[in-house]
Every structure is written in C-alpha cells, then in structure tokens.
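In: sequence and predicted structure are below.
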Amino acid sequence: MPTAPSARLCAAFIGIALTACSTPPVGHKDLLEFLDAGDVSREQVISGLGRAHETFESGRVLTYRIGENASGYFIVPLPKGWEDLEICAPWSGVNYDLVLVFDGEGLLVRKNLVAIRATEPSKHEKN
C-alpha cells in the first residue's frame, strides 16, 4: 500500500500528465503557404507537414487533418495507436482535410482544403 507522500507524488504526476495532454496546440498562420511556392515536391510536403494521415493511389494523393485556432493552422495528430490501423480515426478537433495531388514526377498539381462540418450527435450516439 502506498504511503501518503508517494500517493501525493503519484497524484501530482497524473495531474501534470493530464494538463500536458490538454494544452492547446500552437497554430501557424503560414503553415500551408509553402504549398503555393511553385514546384513543390512530395518530399517537401512531407518535410514541411510530416507523415500524411492517409495515402491513396500509390502515394499520388496525400491527406492531412488540419485544425485551426486563433494562432493559425496546425496538424491534428492521430490518436495514439491509430497510426497503423486500417480504420478511420476520429475527426474530433479537425477543422479541415487537406488533400494534395501529385503528378507522376512527384510534383504538387492540386491542393484542396476541405472544411469539415461539425455535426450534432444523432439521437442514437452516446454523448
């Protein structure tokens, strides 16, 4: 059985960990500006935005989940454990889905920032 000081230390650690998890992400108003710079390669996109959330058509189409707050855009991280699953991750905290299409040479030819509409839970979903 833990002693009172170790129980307090454990509770403090859990409180710090929970606070760290709830820290809002820092957005950047210029996060996506490099996509308009002309010839942008797939490698430049991955270097600038990180690993894509989804990849389609043998890597020709990449998608990123984007959030937005007062300081700008940010990449919404996938919940822990979802990275390699073959199912769709939750969309909570996502404002946009960034869809990037590359040509056969790996250069960006099309981008679309698709707004994700927040919906009310249906009466069949649990709150």
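Out: On my side now, so go ahead.
In: point out where this protein drops to low pLDDT.
Out: Applying pLDDT under 70 to the chain flags residues 1-22, 78-92, 118-127.
In: where do the helices sit along it?
Out: Using DSSP state H, the helices of the chain run over 4-21, 42-49.
In: need the strands for the chain, in chain order.
Out: 54-56, 61-69, 72-75, 96-102, 108-115 (DSSP state E).
In: nearest to Leu32, out of these?
Out: In terms of CB to CB, the element of these nearest to Leu32 is strand 72-75, at 6.0 Å. For glycine as for every other residue, the C-beta is placed from the backbone atoms N, C-alpha and C.
In: so which elements touch that closest one?
Out: Packing partners of strand 72-75 (3 or more CB pairs under 8 Å, 6 or more residues apart in numbering; DSSP states H and E): strand 61-69.
In: give me the angle between the strand it packs on and strand 96-102.
Out: Orientation of strand 61-69 against strand 96-102 (axes from the mean of the first three to the mean of the last three CA atoms, to 10 degrees) gives an angle of 150 degrees.
In: what strands line up against strand 61-69, and which way round?
Out: Using DSSP bridges, the strands paired with strand 61-69 are strand 54-56 (antiparallel), strand 72-75 (antiparallel), strand 96-102 (antiparallel).
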